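Asks: Quick check, what structure comes out for this input:
(one chain, ligands or ions: 1)
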Amino acid sequence: MSTAVLKKLHLVDFKNYPDAELSFSSKVNAFVGNNGVGKTNVLDAIHYLAVTKSYFNPVDSQNIRHGKPFMVVEGAFETENGTDTVYCALQRGQKKVFKRNQKDYERLADHIGLFPLVMISPSDRDLILEGSETRRKFMDGVISQSDKLYLDDLLAYNKALSQRNSLLKYFAKNRKWEEATLEIYDEQLIERGVRINERRTLFMDQMKPIMLEAYSKIASENEDVNLSYASQLNEKSMKECLLESRDKDKILQYTTAGIHKDDLKFELNEYPLKKVGSQGQQKTFTIALKLAQFEFLKHVTGRKPILLLDDIFDKLDEQRVEAIVSMVNDHQFGQIFITDTHADRTNEIVKRIVEESVVFEVNSEGVIKELEA
Ligand SMILES: Nc1ncnc2c1ncn2[C@@H]1O[C@H](COP(=O)(O)OP(=O)(O)OP(=O)(O)O)[C@@H](O)[C@H]1O
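Replies: Okay, the predicted model is just below:
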């Protein structure tokens, strides 16, 4: 298996960091410090280098340090072929500059997957608590990383969907119905929707056993969790869905059936996880889901993704923490970055990790210092 690890990171006016330069271990790197000192910001900078954007804030300019004109996030990845430098810079009001080995990209999408990365963060609970769109986005994000045609299908589907919705509104306003025009869009939705549904089904068939195994490894008690893909297309064809909902669509003036209504169902003991899961159980579930994403990306990219564990130990009992430490010690992961507010807990966990590890302390001035082992 080939590797890609981040050895160096340089931040200039990225979020709360005026200027920070860091060197990392190829194995475990932990950041400790109080709330709000900027631990997660370091993980987000790493996310920038791998995925070309922030994990948390889609508005690039908001990641520039307040009151400053530009930001730079720069890193050096070590691979079996040598060192790859990645450079991301943004000046307020201008286009983001993104380079690998001093060369611009024609399409930023071409960078995705070169340095696979998985972030596990407290904000993942949105996957459980929020509406179906959040779960579809997660599923689409992971599949798109391995399948460019999937992204094309998705974009084309969404375009046809929005055109069909505009047409339904237009018809209603003008009180005229041209079924033939509607059918042009139906055909496009069917062609793309069927492929998207097939791809999602395959993806969930691959993810589910890995996710369930990861869950049972972390929560060794017998907790019966389940993950399933809910789609109207599991019951009938896309064509039937559209035909059956046509009258309803005309009244509501939007398309009520199709793969844009798909969802992922998360269950604990046959009840919705959102309703019955404790905070620790919900956290375990999202960690397991992300570890399944890790395996999926590892499989499709041939590289162990960099794993970012933001505040992962909070809300987990000692036994679950121990299970995660064992997974690290079993060499299941490559390079790992951890953040934690409890320095003692981190030091104690790091001692149990057999892999090489470095602990950094972040203080309230945003200064990062490597702690003596
Ligand atoms: N664009 C920005 N300019 C300046 N500071 C920023 C910017 N964006 C975020 N920050 C600061 O970064 C800090 C939050 O950092 P971060 O989320 O990394 O904290 P943390 O150490 O992970 O905290 P916690 O332990 O609570 O998760 C806040 O103090 C916030 O004001």
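Asks: Which strands and helices lie in contact with the longest helix seen in the chain?
Replies: Taking DSSP state H as the criterion, the chain has its longest helix at helix 179-218. Under the contact definition 3 or more C-beta pairs under 8 Å, 6 or more residues apart in numbering; DSSP states H and E, helix 179-218 sits against helix 132-146, helix 148-174, strand 225-230, helix 238-244, helix 279-301, helix 318-329. From N, CA and C alone the C-beta is placed, and that goes for glycine too.
Asks: run the last query once more with 6 Å
Replies: Counting contacts by 3 or more C-beta pairs under 6 Å, 6 or more residues apart in numbering; DSSP states H and E, helix 179-218 is packed against helix 148-174, strand 225-230, helix 238-244, helix 279-301, helix 318-329.
Asks: of those, which approaches the ligand most closely?
Replies: Nearest of these to the ligand, taken as C-beta to the nearest ligand atom: helix 279-301 at 14.4 Å.
Asks: what's the closest one in contact with?
Replies: Applying C-beta atoms under 6 Å, 6 or more residues apart in numbering, the contact partners of helix 279-301 are 113, 116, 118, 120, 124-125, 127-128, 142, 146, 207, 210-211, 214-215, 218-219, 273, 304-305, 315-316.
Asks: Only C-alpha atoms, please: export it in PDB.
Replies: Only the C-alpha atoms of helix 279-301 are listed here, as PDB (Å, rounded to 0.1, in the frame of the first residue of the first chain):
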ATOM      1  CA  GLN A 279     -24.600  10.900  23.000                       C
ATOM      2  CA  GLY A 280     -21.900   8.200  23.200                       C
ATOM      3  CA  GLN A 281     -23.800   5.800  21.100                       C
ATOM      4  CA  GLN A 282     -24.500   8.500  18.500                       C
ATOM      5  CA  LYS A 283     -20.900   9.400  18.500                       C
ATOM      6  CA  THR A 284     -19.800   5.800  18.200                       C
ATOM      7  CA  PHE A 285     -22.100   5.500  15.200                       C
ATOM      8  CA  THR A 286     -20.700   8.400  13.300                       C
ATOM      9  CA  ILE A 287     -17.100   7.300  14.100                       C
ATOM     10  CA  ALA A 288     -18.000   3.900  12.700                       C
ATOM     11  CA  LEU A 289     -19.500   5.400   9.600                       C
ATOM     12  CA  LYS A 290     -16.400   7.500   9.100                       C
ATOM     13  CA  LEU A 291     -14.100   4.600   9.600                       C
ATOM     14  CA  ALA A 292     -16.100   2.800   6.900                       C
ATOM     15  CA  GLN A 293     -15.400   5.800   4.700                       C
ATOM     16  CA  PHE A 294     -11.700   5.400   5.600                       C
ATOM     17  CA  GLU A 295     -11.700   1.800   4.400                       C
ATOM     18  CA  PHE A 296     -13.600   2.800   1.200                       C
ATOM     19  CA  LEU A 297     -11.200   5.500   0.300                       C
ATOM     20  CA  LYS A 298      -8.200   3.300   1.100                       C
ATOM     21  CA  HIS A 299      -9.600   0.800  -1.300                       C
ATOM     22  CA  VAL A 300     -10.300   3.200  -4.200                       C
ATOM     23  CA  THR A 301      -7.200   5.300  -3.800                       C
END
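Asks: Give the rounded mean pLDDT of it.
Replies: Per-residue pLDDT over helix 279-301 has a mean of 93.
Asks: The next helix or strand after it close to the ligand?
Replies: Following helix 279-301 in sequence order, the next helix or strand is strand 306-310 (DSSP states H and E). No: judged by C-beta under 6 Å from any ligand atom, strand 306-310 and the ligand are separated, with a smallest distance of 7.0 Å.
Asks: Counting by contacts, list what strand 306-310 packs against.
Replies: helix 39-51, strand 117-120, strand 336-340.
Asks: how big is the angle separating it from strand 336-340?
Replies: 10 degrees (axes from the mean of the first three to the mean of the last three C-alpha atoms, to 10 degrees).
Asks: what comes up buried for strand 306-310?
Replies: For strand 306-310, a neighbour-count test (16 or more other C-beta atoms under 10 Å) marks 306-310 as buried.
Asks: And stretch 87-101, by the same measure?
Replies: Quick answer for stretch 87-101 (16+ other C-beta under 10 Å): 87-88, 90, 98, 100.
Asks: What is the nearest of these to the ligand?
Replies: residue 90 (11.3 Å).
Asks: Around the ligand, which positions in the protein sit nearby?
Replies: Residues of the chain lying near the ligand (C-beta under 6 Å from any ligand atom): 15-16, 33, 35-41, 62-66, 311, 339, 341.
Asks: at 5 Å instead, please
Replies: 15-16, 35-41, 65-66, 341 (C-beta under 5 Å from any ligand atom).
Asks: State the distance from residue 253 to residue 193.
Replies: Distance, residue 253 to residue 193, by C-beta to C-beta, to the nearest Å: 20 Å.
Asks: rewinding a little: just name the most buried of the helices and strands packed on helix 179-218.
Replies: Across the helices and strands packed on helix 179-218, the average number of neighbours (mean count of other C-beta atoms under 10 Å) peaks for helix 279-301, which reaches a mean of 21.
Asks: quick one: contacts of stretch 330-347?
Replies: By C-beta under 6 Å, 6+ apart, stretch 330-347 touches 5, 26, 28-32, 39-40, 43, 304, 306-311, 313.
Asks: switch the cut-off to 7 Å
Replies: Stretch 330-347 has contacts (C-beta atoms under 7 Å, 6 or more residues apart in numbering) with 3, 5-6, 26-32, 34-35, 39-40, 43, 46, 304-313, 328, 359.
Asks: thinking again about what came up before, would you convert the buried residues of strand 306-310 into TSV that also reports pLDDT?
Replies: Formatted as TSV, these follow (pLDDT from 0 to 100):
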residue	pLDDT
306	97
307	96
308	97
309	96
310	96
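Asks: Next up, phi/psi of residue 355, please.
Replies: Dihedral pair for residue 355: phi -70, psi 160, per degrees, to the nearest 10.
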